[in-house]
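Visitor: Attaching a predicted model along with its sequence, questions to come.
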Amino acid sequence: MFFNSLAFAIFLPIVFFLYWFVFNKTKSTQNALLIVASYYFYSCWDWRFLFLLVFSTFLDYFTGIQIEKSDSDKRRKFWFWLSIIVNLGFLGIFKYYNFFASSFAEMITAFGFKTSPFLLNVILPVGISFYTFHGLSYVIDIYYKRIKAEYNFVDYSLFVSYFPLLVAGPIERATHLLPEIKVKREFDLEKAKEGVCQIVWGLVKKIVIADTCAVYANAIFDHYTSMNSFSLIMGAVYFAFQIYGDFSGYSDIALGVSKLFGLDLLRNFNYPYFSRDIAEFWRRWHISLSSWFRDYLYIPLGGSKGGLWMKIRNTFIIFIVSGFWHGANWTYIVWGFINAVYFLPLLLSNSNRNNIDSFVLKWNLDSIKVVFSILTTFLLTCVAWIFFRARTITDAVLYLKRIFTNREFASQYLDNERYNYELLLMVGIFVLVEWNNRTKVEPISGNRSILKMALAILAIIAFGTYSDYKEFIYFQF
């Protein structure tokens, strides 16, 4: 069940009505309804993997309590590592086993030995990377005594499997979401209005921008050997806006839907393509994942407090692991490696925290520098996205090579739904709208919200791409 589907358009109003008008008496009834709705939502993908979600939930619920109750470090460590190993074990089997088996077989073959690896014929359970990280952060926080264990199984289950964030985030923390879950929610009209605005803007990002850019990005990447330099450059730009519109659009819809039920989720995107350097980009892109790796991997490894070698080591570990989290392919690992290379000079020169403050453009030299920094950061990001999007590292390298060796910049006609210049105009308008509203969560709320809402809905109807049923990119992760 996709957020941009008719099924969800029917599902959401039904749950909303039941939540506020039938099951609104107590916190327990509200949470019970959301649990049932969440499990139904997840079972629409594949009901068989619902058992894996329930098992993972019970595992972390039980081990969290045992860690808190244990009166010795040995027992605490046992329950802690049991949760870590089982959670990462499931993730490894479903997501990474075939990758490691195939890579090992290729390495052995390179030395002249023939081998036929045993591969698993299983599909990746949707959302497993997200709900696994929910549970891991909860258990880790209990182990280090940052939070108390949750004894109410329904409340904890809702924290793990709450349907707006279940399959593609944001990755929540128990310290943030559980306190909201444990109190009865009262209907807040203003919050509901904000939620509707965020849902509509998320649909604009997904249907108008992401899915339309996908038409061109797919055509160019799939046939890059016949494309000229201009088309290849545009392919990278189109994919940059496709993945941003797709993933941030999902996050906006998730946050907006959650506001309809009185629950605030962590913000996941903060206009990342307006970043002035790569460090700022990673403070604005997939914020919940970046902060998760920072708090649960980077800082425990020593962060940036150690010597030069430790700083370099930790930087590459955090980015490569982040890349590997996205998928079992060497392209994602290289994508992470490239971002580490981008980030390292900023860290070593102690300038990775330079661009913390907001900025206002004026007609002066400083503003020219800001614009140049934004464009440079976006260019570097697009280069990295080529590896993220390409099927293999070889394809990515040849794609980049052809950009520099073809040297033809004529506009190529692509047999798709839209012409190139129409799409460029749409993307340009989208960028201007986001730029002028970059201090807000989304552009629709505020003054003249009804007019802006009408224009957004009109854009979805008039310019959205509907010929192909497109799922969200991050569902595969």
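Guide: Good, I have the coordinates.
Visitor: Contacts only, for F316.
Guide: F337, A340, L344 (Cβ atoms under 8 Å, 6 or more residues apart in numbering). C-betas here are computed from N, CA, C, even on glycine.
Visitor: Is the residue lying farthest from the centre of the chain in a helix, a strand, or coil?
Guide: Relative to the centre of the chain, and counting by Cα atoms, centre = their mean, the farthest-placed residue is G112 at 40.5 Å. The assignment at G112 comes out as coil when based on DSSP: H, G, I helix; E, B strand; the rest coil.
Visitor: Pull up the gap between it and L34, please.
Guide: As judged by Cβ to Cβ, to the nearest Å, G112 and L34 stand 57 Å apart.
Visitor: So, low pLDDT: which residues of the chain?
Guide: 413-420, 465-477 (pLDDT under 70).
Visitor: Would you map the helices across the stretch 51-200 of the chain?
Guide: 73-91, 97-110, 128-143, 153-161, 163-166, 174-181, 189-203 (DSSP state H, counting those that start in this stretch).
Visitor: For the helix ranked longest in the chain, enumerate the helices and strands it packs against.
Guide: When the chain is parsed with DSSP state H, its longest helix is helix 229-260. If contacts are counted by 3 or more Cβ pairs under 8 Å, 6 or more residues apart in numbering; DSSP states H and E, helix 229-260 sits against helix 6-21, helix 163-166, helix 189-203, helix 211-222, helix 365-389, helix 393-406, helix 420-436.
Visitor: which parts of the fifth one are buried?
Guide: Just to be clear, that refers to helix 365-389. Residues 370, 373-374, 377-378, 380-389 are the ones in helix 365-389 that count as buried (16 or more other Cβ atoms under 10 Å).
Visitor: Just give me the closest of those residues to Y273.
Guide: Among the buried residues of helix 365-389, F378 lies closest to Y273 (Cβ to Cβ), at 5.5 Å.
Visitor: and the closest one, what is it in contact with?
Guide: A240, Y273.
Visitor: Mind doing that once more with 7 Å?
Guide: Y273 (Cβ atoms under 7 Å, 6 or more residues apart in numbering).
Visitor: Equivalent analysis for L423, please.
Guide: T212, C213, Y216.
Visitor: Now tabulate the contacts of F316 in JSON lines and tack on distance to L119 and secondary structure.
Guide: Formatted as JSON lines, the contacts of F316 follow (distance: Cβ to Cβ, whole Å; DSSP: H, G, I helix; E, B strand; the rest coil):
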{"residue": "F337", "distance to L119": "26", "secondary structure": "helix"}
{"residue": "A340", "distance to L119": "30", "secondary structure": "helix"}
{"residue": "L344", "distance to L119": "36", "secondary structure": "helix"}
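Visitor: Which one of those residues is nearest to I128?
Guide: Distances from I128 to the contacts of F316, taken by Cβ to Cβ, are shortest for F337, at 24.2 Å.
Visitor: surely L347 meets N314?
Guide: No - when contacts are counted by Cβ atoms under 7 Å, L347 is not listed as touching N314 (9.2 Å).
Visitor: So which of these two has more stuff around it?
Guide: Taking neighbours as other Cβ atoms under 10 Å, L347 and N314 compare with N314 leading, 22 against 17.
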